[in-house]
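Undergrad: need coordinates for the following:
(one chain, ligands or ions: 1)
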Amino acid sequence: MPELKRKRDPLAPVPLHTSITENQISYLVDRFYIDIAKDARLGPIFLSRNNGEWGEHLAKMKLFWSSVLLKTGKYKGQPVVKHNAIDELKTSDFERWLVMFEKTAIEAFDKDAVPLVMQIARRIANSLWLAKVGKVGEAPPF
Ligand code: HEM
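TA: This next block holds a predicted model:
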């Protein structure tokens with residue numbers, strides 16, 4: 001009888017944290033956009049687009065966070081192009097987005113996963129900010 005091994009497949013994607021699940025991601029996205037819709041500044045930026053139709057966006061965001069946090073490769077898209085097209089985006093919007101996102105991440109994920117999720121969210125926010133708002137040599141304030 002050959003010896004059974006439980007080695008990890010070296011080509012298998014490694015989640016950002018082992019506790020993170022698709023259900024948590026689904027909760028994160030649903031909860032986050034309920035809060036965003038109510039926000040005086042960020043709400044109108046979302047609700048004024050896509051004829052207020054956000055079902056498709058939520059589905060896309062679940063694929064995005066699944067790709068980022070679970071490395072599933074489910075999301076295909078161009079976030080930089082999409083955000084660059086939002087004329088009214090300014091630095092304080094990224095700061096507000098991150099504060100709101102952290103509040104939801106604390107609700108959605110295990111305690112140990114939250115700093116990792118926030119690190120990656122901040123990194124992506126940085127690169128969207130650099131593409132949209134940042135000037136040469138400038139660092140984001142968050
Ligand atoms: C500064 C605050 C932000 C605002 C107001 C904002 C707003 C929006 C809006 C209105 C869209 C839809 C664009 C469209 O369909 O034409 C969108 C798409 C998206 N946003 Fe943001 N966003 C913000 C920050 C972020 C951050 C920090 C992330 C990631 C960490 C992110 C990830 C995405 C992704 C993945 C999409 C989908 C792009 C696609 O269509 O493939 N956003 N955002």
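Undergrad: just the element for the residue of the chain found nearest the ligand, please.
TA: Closest residue of the chain to the ligand, C-beta to the nearest ligand atom: G77 (2.4 Å). Just so you know, the C-beta spots here come from the backbone N, C-alpha and C atoms, and that holds for glycine as well. Counting by DSSP states H and E, there is no helix or strand that carries G77.
Undergrad: and it, how close does it get to S92?
TA: 25 Å (C-beta to C-beta, to the nearest Å).
Undergrad: and for Q24?
TA: 28 Å.
Undergrad: those two: which is more packed in?
TA: Q24 (20 against 11; other C-beta atoms under 10 Å).
Undergrad: which helix or strand contains the more buried one?
TA: Element membership of Q24, judged by DSSP H and E, is helix 22-38.
Undergrad: hmm, that helix in reach of the ligand?
TA: No. Helix 22-38 is not in contact with the ligand by C-beta under 6 Å from any ligand atom; minimum separation 8.0 Å.
Undergrad: just the CA trace of stretch 65-82, in PDB.
TA: The C-alpha trace of stretch 65-82 is given here as PDB (Å, rounded to 0.1, in the frame of the first residue of the first chain):
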ATOM      1  CA  TRP A  65     -12.700  40.100  -3.400                       C
ATOM      2  CA  SER A  66     -12.700  36.300  -4.000                       C
ATOM      3  CA  SER A  67      -9.800  36.900  -6.400                       C
ATOM      4  CA  VAL A  68      -7.900  39.200  -4.100                       C
ATOM      5  CA  LEU A  69      -8.500  37.300  -0.800                       C
ATOM      6  CA  LEU A  70      -8.800  33.700  -1.900                       C
ATOM      7  CA  LYS A  71      -6.700  34.000  -5.100                       C
ATOM      8  CA  THR A  72      -9.400  32.300  -7.100                       C
ATOM      9  CA  GLY A  73      -8.800  34.400 -10.300                       C
ATOM     10  CA  LYS A  74     -12.600  34.800 -10.700                       C
ATOM     11  CA  TYR A  75     -12.500  38.600 -11.400                       C
ATOM     12  CA  LYS A  76     -11.700  40.000 -14.800                       C
ATOM     13  CA  GLY A  77     -11.800  43.800 -15.100                       C
ATOM     14  CA  GLN A  78     -10.100  47.100 -15.100                       C
ATOM     15  CA  PRO A  79     -10.600  48.900 -11.800                       C
ATOM     16  CA  VAL A  80      -8.100  51.600 -12.700                       C
ATOM     17  CA  VAL A  81      -9.900  52.600 -15.900                       C
ATOM     18  CA  LYS A  82     -13.300  52.500 -14.100                       C
END
